[in-house]
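S.K.: Next input, structure requested:
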Amino acid sequence: MRSLVICLMLLAFCVGASAATARDADNETPSPNSANEKAAKSADSAKPEVREGEKDAVKSELQDLRDIVQTQSEQLQDLRKRLAALETGGTSSKEVVTPAIVSPASSIQALTSAETSAISMPPAAMVQDTSRGQNESKSPLSFKIGSADFTPGGFVDFTTFYRSTNVGSGIATAFGSIPYSNQLPQARLSETRLSAQYSRLSLKVDAHLTDSTAITGYVESDFLGFQPANAYQTANSDSLRLRVYWADVRHGKWEVLGGQAWSLLTPNRVGLSALTPDVFYTLDEDPNFQVGLTWARQPQFRVVYHPTSNWAVGVSLENPQQFVPGSVVFPSTFFTSQFDNGSGSTSAPSSATNTAVPNLHPDIIVKTALDAHPAGHALHIEAAGLVRSFRVFNNLTTAGTTNTITGGGGSVNLNLEVIHNLRLIANSFYSYGGGRYIFGLGPDVIVKPDGTLSGVHSGSGIGGLEYQATPHYMFYAYYGGAYFARNFAAQPTPGSTCNGLAGFACVGFGFPGSGETTNRAVQEATFGVIPTLWSNENFGRLQIISQYSYLIRSPWSTLSATGPTPRNAHTNMVYLGLRYILP
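M.R.: You can find the predicted model right below:
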């Protein structure tokens, strides 16, 4: 029995020792996770510098991401400001980014992407941030050839117009030829026509040579060229006409333009840009725009400096043309061939004379413009000066001599957003010898009885309102006028009378009995509405342009060889156009 007990005790001791050994073994053998943790702890304790470096790298990357997000946020804020300015019509581009929002200038005057892709910013800013500007205004019609962006544009226009008297000038009104009530049959007949001539085609090419240098080329045409005599009988073959064609190089704060463009004397909506939507030429459907507008489209060489992004100063050398219409009486027919007489007929003898006028030097135009946003309202203000010279060969002296005079003029123009989407227009111009820039409604100069030149004082202006009442409705109204001072002298002529002086004949402009073509003043009041029927940023927009105008023309003299002339001539005009504008 004792032996059995001793064996059991020895067996229990062996089993307990084995269990203890097993427990000790379990406690000393780490699991894979604990082994990794110990290894990691060992590595961390061994290389604290490496871990700190990794933390610094992560912090640096996070800071870089924050900086990128901040920069993008600032760019988005800037873009929102630009878009808000575009909606209020306060910037140059008038680009329709949202199809339903149409700015004043883009409501009618063909603000296609071809014209606006380079004008979403002032020229200096545009050069400094060209990549962003391109992304903001990319047209769905744009395509690339090499590194240049090509953007076609334009619109299809179908116009119906009515005049209460037969002015007989086609879709573009001849303001200086409104018939008087005693001119028959024109004064007793109205006219109604349909036309597609104002349809327009354009192409704009942009290339960015460096970060600070860009070049833009632009061409624009319509179908208001000369027509054959049988144009309205069968084929109605309207001919293509060149409107503008120029190239512009921008480098830093400097800009140089060469080609045929809107005259620098033409009022701008913003800056000194030559692009059509940046120029103020009203919202009228009439291709001759509005009485009182100072404008021209002619060859020129222009240099512009941008001291800041919203201030520009420019000088332009432009094609001259000394102009004296048929309402001026010369002391001798010898002087007739030395002036453009305003004839538009290709078959008239003057068609050769007008292109051979002996101009002395280019017209010189200087202009400065400032764009600002006081109290959040868009403001554009500008001032311009004009210098012109005139020269004739005088054969009335014993030995023929050359006579030269210098004339000039100035203008101050304002385009102000009075309240949200309501813009006030105020343009003015006064000159000594600048009649050609007032739509040629009066002469630049006259020739005195001794064969010397004398300038004619003239002035014009436009006041108006443009109101984008809703995204789909634009309302506008203008009043414009032009005035030409009389300038005449008496020339000894047996059997004649000049202003009560017997034995003398009057020469010059505006003398008593000078006839109904001597316009003292021409005035026009206009209002209209432009509803946008449909718009899509990828497919363009469809608009109706309506315009009503009342025109009045007043002569210097109401006496003529054919009898008394009424105190004025007047007509009523109604335009209704359907226009599809490319995106």
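S.K.: Please make it C-alpha for all contacts and neighbour counts, starting now.
M.R.: Fine.
S.K.: what is the mean pLDDT for the helix or strand Gly461 falls within?
M.R.: Following DSSP states H and E, the helix or strand that holds Gly461 is strand 457-470. Strand 457-470 shows a mean pLDDT of 98 in the predicted model.
S.K.: Next secondary structure after it?
M.R.: strand 473-484.
S.K.: What helices and strands are in contact with that following strand?
M.R.: strand 457-470, strand 519-536 (3 or more Cα pairs under 8 Å, 6 or more residues apart in numbering; DSSP states H and E).
S.K.: Let's see that with 10 Å instead.
M.R.: strand 422-432, strand 457-470, strand 519-536, strand 540-555 (3 or more Cα pairs under 10 Å, 6 or more residues apart in numbering; DSSP states H and E).
S.K.: model confidence over it, on average?
M.R.: On average, strand 473-484 scores 98.
S.K.: Restrict that strand to CA atoms and write it as CSV.
M.R.: Taking Å, rounded to 0.1, in the frame of the first residue of the first chain, the C-alpha atoms of strand 473-484 are listed here in CSV:
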residue,chain,number,x,y,z
TYR,A,473,-35.3,90.8,-72.3
MET,A,474,-33.2,93.8,-73.2
PHE,A,475,-34.7,97.3,-73.5
TYR,A,476,-32.8,100.3,-75.0
ALA,A,477,-33.4,103.9,-76.0
TYR,A,478,-31.2,106.6,-77.5
TYR,A,479,-31.4,110.1,-78.7
GLY,A,480,-28.7,111.4,-81.0
GLY,A,481,-28.0,114.5,-82.9
ALA,A,482,-25.4,116.1,-85.3
TYR,A,483,-24.9,119.8,-86.0
PHE,A,484,-22.9,121.6,-88.7
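S.K.: Sheet-wise, list the partners of it with their directions.
M.R.: strand 457-470 (antiparallel), strand 519-536 (antiparallel) (DSSP bridges).
S.K.: What separation do you get for the closest residue to Leu414 other than its chain neighbours and Pro362?
M.R.: Residue nearest to Leu414 in three dimensions, not counting chain neighbours: Ile381, with 4.6 Å by Cα to Cα, 6 or more residues apart in numbering. For Ile381, the distance to Pro362 (Cα to Cα, to the nearest Å) stands at 26 Å.
S.K.: Ala399 now?
M.R.: The value you get for Ala399 to Pro362, if Cα to Cα is used, is 28 Å.
S.K.: again with Ser496
M.R.: 39 Å.
S.K.: ok, now Ser202?
M.R.: Distance from Ser202 to Pro362, by Cα to Cα: 28 Å.
S.K.: The two: who's more crowded?
M.R.: A count of neighbours by other Cα atoms under 10 Å puts Ser202 above the other of Ser202 and Pro362, at 21 against 17.
S.K.: Just list whatever residues bridge to that one.
M.R.: Going by DSSP bridges, Ser202 forms beta bridges with Gly153, Glu220.
S.K.: Pull the distance from whatever helix or strand the residue nearest to Leu414 lives in to the chain's centre.
M.R.: Per DSSP H and E, Ile381 falls inside strand 379-394. Taking the mean of its C-alpha atoms, strand 379-394 sits 21 Å from the chain's own mean (Cα atoms, centre = their mean, to the nearest Å).
S.K.: Also stretch 68-80?
M.R.: 29 Å.
S.K.: And for stretch 576-583?
M.R.: 18 Å.
S.K.: so what's the residue lying closest to Leu453 once chain neighbours are set aside up against?
M.R.: What sits nearest to Leu453 in space, not counting adjacent residues and going by Cα to Cα, 6+ apart, is Val447, at 4.7 Å. Neighbouring residues of Val447 by Cα atoms under 10 Å, 6 or more residues apart in numbering: 324, 328-332, 335, 392, 394, 453-455, 487-489, 507-509.
S.K.: any idea how far Val447 lies from Glu516?
M.R.: 20 Å.
S.K.: what does Arg193 give?
M.R.: Counting by Cα to Cα, the gap from Arg193 to Glu516 is 27 Å.
S.K.: Show me which of those two is the more surrounded one.
M.R.: Glu516 (26 against 12).
S.K.: show me what contacts the more buried one?
M.R.: 177, 179-180, 327, 510, 553-560, 564-569.
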